[in-house]
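[1] sequence first, then the predicted structure:
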Amino acid sequence: MITSIPAGHVTDRRGATAVLVTGALALLGAYLGLALAGSTVALLAVLFVLAGTGKGAVETAQGAAVALLAPSELLGSAFGALATIQSFANLAASALAGALWTLVSPRVAFLYLAGWAAVSAVALIAARR
């Protein structure tokens, strides 16, 4: 929540793609850190803040991108499509990460999520060009 307002300001100045990439990279760092970190409370707290910052940036920029890119006559449908895609993607990611956590290890679950964050960042950078 705290990240949303600054992410919105940056989105207004630099564009949604820059904020999406930054958010994806923050999530990548957090997931890698959680996969590789020990149980030091201070380090875990920093990684949770990093993950929350990334999530706030991504959520803010996604909505802004839809608002900027969708034609005004399709704006409601575009936000509905975004919500649908987010819902199914969150369900799939949570189910698979949960299965990896339970069946293999928490480290593998976080590495799986880090992989998708990396793919997202690379795809966004490629699409920006």
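    Thanks, I have it. Numbers count the residues shown, from 1 in each chain.

[2] what about Gly29, how many residues nearby?
    17 (other CB atoms under 10 Å). (Glycine included, C-beta is placed from N, CA and C.)

[3] same thing with Val19?
    By other CB under 10 Å, 28 other residues sit near Val19.

[4] ok, it to Arg13 distance?
    Val19 sits 10 Å away from Arg13, going by CB to CB, to the nearest Å.

[5] same deal with Ala81?
    Ala81 sits 26 Å away from Arg13, going by CB to CB.

[6] who has more neighbours out of those two?
    The residue with more neighbours, out of Ala81 and Arg13, is Ala81; 13 against 9, by other CB under 10 Å.

[7] can you tell me the element the more buried one falls in?
    Element membership of Ala81 [criterion: DSSP states H and E] is helix 75-103.

[8] check which residues of that helix are buried.
    Buried residues in helix 75-103, counted by 16 or more other CB atoms under 10 Å: Ala78, Leu82, Ala97, Leu100.

[9] kindly report the same for stretch 105-122.
    Ala109, Phe110, Leu111, Tyr112, Leu113, Ala114, Trp116, Ala117, Ala118, Ser120, Ala121.

[10] same question for stretch 6-16.
    Buried residues in stretch 6-16, defined by neighbour count with 16+ other CB under 10 Å: Ala7, Gly8, Val10, Thr11, Gly15, Ala16.

[11] wait, the first one touches Gly52, no?
    It stands for Ala7. No: between Ala7 and Gly52 there is no contact under CB atoms under 8 Å: 11.6 Å.

[12] re earlier: and the buried residues of helix 75-103 as JSON lines, adding pLDDT and distance to Gly38?
    Listed next are the buried residues of helix 75-103 as JSON lines, based on pLDDT from 0 to 100; distance: CB to CB, whole Å:
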{"residue": "Ala78", "pLDDT": "96", "distance to Gly38": "43"}
{"residue": "Leu82", "pLDDT": "95", "distance to Gly38": "37"}
{"residue": "Ala97", "pLDDT": "96", "distance to Gly38": "20"}
{"residue": "Leu100", "pLDDT": "98", "distance to Gly38": "20"}
